[in-house]
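Q: Requesting a structural model of the entry that follows:
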Amino acid sequence: MANMVIKHKTPDEIWQSRLLEQTDLRKFSALLSSLVTHVESELNHTIELNNAMHLFPQESLIQFLLNDLADQLGFMLSRVCVFEMQGAKTQGVLKGECSKSRFDYFMNILCEESNSQAILQKYPGLKKNIDDLIKQTLRTTKQLIVRLTNDIKEIKETFFKSKIDLTLDSITVASNRYYSGERVMVLHFANPQKEIVKLLYKPRTLKIDIAFQKFFNWFNEKYGTDFYIMNILDKEQYGWCEFITHTTCTKEEEFNSYYRRLGEILGVTYLLNGLDFHHPNIIAHGIYPVIVDYEYYFSPFWKRLNSDYTDIRPIVSNNLVSNLKAIIRPDYAGMDLAAMSVKNNLFAPLKKIDWERPYTDEMAFIRTEIYGWGNQHIPTEYPKSFNLGQYLEHFTVGFKHIYEIILVNHDIIEKKLDLFKNCHSRVLIRETIDYSKLLMESFNPRLLFHSLELAAHFDNLMKDNINIDLGPVFESEKRDLYEGNIPVFSGLSDDNEIYDSRGHKMNIAVEKIGIESVKEILQQVISKEDLKLQLKMIESNFIAFWTDSA
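A: Okay, the predicted model is just below:
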């Protein structure tokens, strides 16, 4: 006993065991356990340098790496690993008495360093994806650690009205990867009362978000509206936001209030030329519909190709609060993604990646239908039996209330637009779903093996005909996609320049900038006649919604 030597597992071995125990695609990330160990070590070093051990417990960091980094690595590796396993099975290399044991055998030999390195050498596209992911995860997470540590005192005072100690319980991701790996995060904190409180982290300026809170508050104070005012802490390059919880209504008068306020939001959105206002951008918070993303307001008008017609007459259905059909095809009528839609359990014609006989040597790649798009915008727990049509009157009362305020206060409203000067806005050049689909399909083993075919795959962007000259932005789009990120473009509300995710100026012809188009709406469109037209449009949309639901 005195001479017994106890062998302890190395950090790599611990992570490898931890990942192999997973029951989903994270299992495949076990062959890169040394990379996960490296990321953990680097982040621990950053935590120590910033004396943030009390904020970032080791267990919380492990869970974040497991649920985020390992999840992304597992997805990237899965198709290649299964493809290689099928080849090994054909060659009779796999050992084991059953299908599962043969899969486990394959995973064990794949985790040997020489074999995992051979996989990365064989698939150069995969190696690049993984290298980019590790680099981005380190950069963005280190940045989050430093920012949270520096701002924690202000955060407590701004959002939690106390000086209680907060400890990070977990982190969840709330967006795609943009801006060289930047993502919106939800931080879950535990406090001494063992309650979990949440905070939203956005890695961009929140100037436009704050401008909207001031605009809404001005309406509340001057005209007696009751817009929800969100708590925000802007730090110029990033910011912290109140986390809006989804809370349903229970009484009839609460539903009436909710839809009247949603009508008021439509009135403001119509005036400010808001686009892409689909239901993920709004949350039902009791009687309050709360906007949680303001990036697509003050949208510019593009100069269209092959046409002298550039002016688009605004109508309420343009801004997606009351009408949005997505993924329309000849054989499919489209999905309702509007902010007032109550259809949350429909399937899309697009297919998601899935697996048959998972984690056996018979594991096979398949595609399955996508069901459901979330229901946080719906103020009820029972959307299937919800009669949206009965709230038409309340919705139109809210819209008409805001419209008539604007109608009789042109000059005052125009001056209030100064709140939005020099605000950054997202510019929607293509649908995010188009980028996402290209990214998902880029993990085909054939594309990861043949770099020229991967380049040709992203060239499919140029096949889209969206009636504007995309030549200036194509290379920027491809660069972002190659790095595993959704391409994004932005501009200032009072400027006609468009920039890509790295701040490079794009040579895109803009007919009207955001604030100019809003002023034109105020001066040339807002009228009693236009109000009648928009109310008629709203009524038609409601009829369409409850007819489809019948």
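
Q: residues near the closest residue to residue 267 other than its chain neighbours, how many?
A: Nearest non-adjacent residue to residue 267, counting by CB to CB, 6 or more residues apart in numbering: residue 402, 2.8 Å away. For glycine as for every other residue, the C-beta is placed from the backbone atoms N, C-alpha and C. As a burial measure, residue 402 scores 22 neighbours (other CB atoms under 10 Å).

Q: just checking, residue 402 is part of a strand?
A: No: counting by DSSP: H, G, I helix; E, B strand; the rest coil, residue 402 is not part of a strand but helix.

Q: Distance check, it against residue 9.
A: Noted for residue 402: a distance of 63 Å to residue 9, by CB to CB, to the nearest Å.

Q: what's the answer for residue 484, then?
A: 31 Å.

Q: So for the two, which residue has more residues nearby?
A: Legend: neighbour count by other CB under 10 Å for residue 484 and residue 9, higher for residue 484 (21 against 10).

Q: And the more buried one, which helix or strand is it part of?
A: If you go by DSSP states H and E, residue 484 is not part of any helix or strand.

Q: Provide a list of residues in contact with it.
A: Contacts for residue 484 (CB atoms under 8 Å, 6 or more residues apart in numbering) come out as 129, 132, 133, 136, 177, 181, 439.

Q: Turn the residues you listed into a markdown table, including distance to residue 525, secondary structure and pLDDT.
A: Shown next, in a markdown table, are the contacts of residue 484 (distance: CB to CB, whole Å; DSSP: H, G, I helix; E, B strand; the rest coil; pLDDT from 0 to 100):
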| residue | distance to residue 525 | secondary structure | pLDDT |
| --- | --- | --- | --- |
| 129 | 47 | helix | 95 |
| 132 | 46 | helix | 96 |
| 133 | 47 | helix | 97 |
| 136 | 43 | helix | 97 |
| 177 | 38 | coil | 91 |
| 181 | 41 | coil | 91 |
| 439 | 39 | helix | 91 |
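
Q: Between the residues you listed, which sits nearest residue 489?
A: residue 177 (15.7 Å; CB to CB).

Q: Backbone torsions only: list them for the closest one.
A: Here is the backbone geometry of residue 177 (degrees, to the nearest 10): phi -90, psi 120.

Q: Number of residues surrounding the residue lying closest to it once chain neighbours are set aside?
A: Closest residue to residue 177 apart from its sequence neighbours, by CB to CB, 6+ apart: residue 485 at 4.7 Å. Neighbour count of residue 485, defined by other CB under 10 Å: 22.

Q: Now that residue 485 has come up, it's in contact with residue 180, right?
A: Yes: counting by CB atoms under 8 Å, residue 485 touches residue 180, with 6.5 Å between them.

Q: what do the two both touch?
A: Joint contacts of residue 485 and residue 180 (CB under 8 Å, 6+ apart) are 136, 501.

Q: So which residues of the stretch 101-250 of the chain form helices?
A: Secondary structure of the stretch 101-250 of the chain (DSSP state H, counting those that start in this stretch): helices at 113-122, 124-155, 207-223.

Q: I'd like these laid out as a markdown table, including mean neighbour count and distance to residue 512.
A: Shown next, in a markdown table, are those (neighbours: other CB atoms under 10 Å; distance: least, CB to CB, whole Å):
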| stretch | mean neighbour count | distance to residue 512 |
| --- | --- | --- |
| helix 113-122 | 13 | 49 |
| helix 124-155 | 18 | 35 |
| helix 207-223 | 17 | 18 |
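
Q: Reformat these into CSV and put distance to residue 519 next to each item.
A: Shown next, in CSV, are the helices of the stretch 101-250 of the chain (distance: least, CB to CB, whole Å):
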stretch, distance to residue 519
helix 113-122, 55
helix 124-155, 36
helix 207-223, 15
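
Q: so which of these gets nearest residue 257?
A: helix 207-223 (14.4 Å).

Q: need the contact list for the residue nearest the centre of the chain.
A: Centroid check for the chain by CA atoms, centre = their mean gives residue 175 as the closest residue, at 2.8 Å. By CB under 8 Å, 6+ apart, residue 175 lies in contact with 183, 184.

Q: how close does it sit to residue 140?
A: 12 Å.

Q: returning to that earlier point: if I pick the residue nearest to residue 267, what's in contact with it?
A: Contacts of residue 402 (CB under 8 Å, 6+ apart): 219, 225, 263, 264, 266, 267, 268, 271.

Q: what bits of the stretch 51-200 of the chain have low per-residue confidence?
A: Counting by pLDDT under 70, the ranges of the stretch 51-200 of the chain that qualify are 163, 192-194.

Q: how about the strands in it?
A: Taking DSSP state E, counting those that start in this stretch, the strands of the stretch 51-200 of the chain run over residues 167-173, 185-190, 196-202.

Q: what helices or strands is the shortest one leaning on?
A: To tie it back to what came earlier, the one meant is strand 185-190. Using 3 or more CB pairs under 8 Å, 6 or more residues apart in numbering; DSSP states H and E, the elements in contact with strand 185-190 are strand 167-173, strand 196-202.

Q: cool, the last one as well?
A: The criterion is 3+ CB pairs under 8 Å, 6+ apart, and the helices and strands that strand 196-202 contacts are helix 124-155, strand 185-190, strand 239-242.

Q: Direction included, what does it pair against?
A: Paired neighbours of strand 196-202 in the sheet (DSSP bridges): strand 185-190 (antiparallel), strand 239-242 (antiparallel).

Q: which parts of that strand are buried?
A: Judged by neighbour count (16 or more other CB atoms under 10 Å), strand 196-202 contains these buried residues: 197, 198, 199, 200, 201, 202.

Q: Remind me which helix or strand residue 519 belongs to.
A: Taking DSSP H and E as the criterion, residue 519 maps to helix 514-520.

Q: average pLDDT across that helix?
A: Helix 514-520 comes out with an average pLDDT of 87.

Q: what sits up against it?
A: Residues outside helix 514-520 that contact it (CB under 8 Å, 6+ apart): 271-273, 297-301, 414, 417, 420-421, 425, 491, 493-494, 512.

Q: and if you look at stretch 411-426?
A: For stretch 411-426, the external contacting residues (CB under 8 Å, 6+ apart) are 204-205, 207-208, 211, 214-215, 218, 271-272, 276, 295-299, 406, 488-494, 514-515, 518-519, 522.

Q: Just the buried residues from those residues, in ChimeraX please.
A: The following ChimeraX line selects those of the contacts of stretch 411-426 that are buried, judged by 16+ other CB under 10 Å:
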select :204,205,207,208,211,215,218,271,272,276,295,296,297,298,299,406,488,489,490,491,492,493,494,514,515,518,519,522
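
Q: shouldn't residue 102 be in contact with residue 89?
A: Yes: applying CB under 8 Å as the test, residue 102 and residue 89 come out as touching, 7.3 Å apart.

Q: okay, and the common contacts of those two?
A: Common contact partners of residue 102 and residue 89 (CB under 8 Å, 6+ apart): residue 361.

Q: The two: who's more crowded?
A: residue 102 (20 against 16).

Q: residue contacts, the more buried one?
A: 89, 94, 95, 96, 360, 361 are the contacts of residue 102 under CB under 8 Å, 6+ apart.

Q: Residue 219 now?
A: Neighbours of residue 219 in contact, by CB under 8 Å, 6+ apart: 225, 227, 268, 402, 405.

Q: Nearest residue to the first one in space, please, no chain neighbours.
A: Distances taken as CB to CB, 6+ apart place residue 219 nearest to residue 225, at 4.5 Å, with adjacent residues excluded.

Q: Please tell me how far residue 260 sits from residue 525.
A: 23 Å.

Q: More neighbours: the two, which one.
A: residue 260 (22 against 16).

Q: Give me the phi and psi for that one.
A: phi -70, psi -40.

Q: That one contacts residue 397, doesn't it?
A: Yes: using CB under 8 Å, residue 260 and residue 397 qualify as a contacting pair, with a distance of 5.6 Å.

Q: what's the first-to-last distance across stretch 227-244?
A: One end of stretch 227-244 sits 14 Å from the other (CA to CA, to the nearest Å).
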